[in-house]
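**Q** have a look; sequence and predicted model below, questions after that.
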Amino acid sequence: MKNPHEIIRTLLVTEKGTRLQAENKFLFRVAPDANKIEIRHSVEKLFNVHVVAVNTMSVGGKEKRAGKSPRAGRTPDWKKAVVTLKAGEKIDLG
């Protein structure tokens, strides 16, 4: 099994993420090759909580251009997970 710190990259602090926290859901940026079971075990181990559900989605990278250069580059593709916790539990962000 992989190290939980390799699977969970960061907690996403976005407008949607803060809205979802009221529903006991948290957004994470995760490793692209991680599956739902690995994400579940990693969150439970790192934050000492019980996970009810994990939903994942792959986010495509965007095309970027630097200055007036005609050549465009791309940001990398990445994966995000919405983790639902057991009622009454939460992740301490402070």
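**A** Cool, got the structure.
**Q** how many neighbours does the closest residue to Thr75 other than its chain neighbours have?
**A** Using Cβ to Cβ, 6 or more residues apart in numbering and skipping residues adjacent in sequence, the residue nearest Thr75 is Gly61, 4.1 Å away. Any C-beta I mention is one placed from the backbone N, CA and C, and that applies to glycine too. Per other Cβ atoms under 10 Å, the neighbour tally for Gly61 reads 11.
**Q** likewise for Phe26?
**A** Phe26: 22 surrounding residues under other Cβ under 10 Å.
**Q** hmm, it is touching Ile91, no?
**A** Yes - at 5.7 Å, Phe26 counts as touching Ile91 under the criterion of Cβ atoms under 8 Å.
**Q** quick check: neighbours shared by the two?
**A** Leu11, Leu85 (Cβ atoms under 8 Å, 6 or more residues apart in numbering).
**Q** returning to that earlier point: need the per-residue pLDDT for the residue nearest to Thr75.
**A** Note on Gly61: pLDDT of 93.
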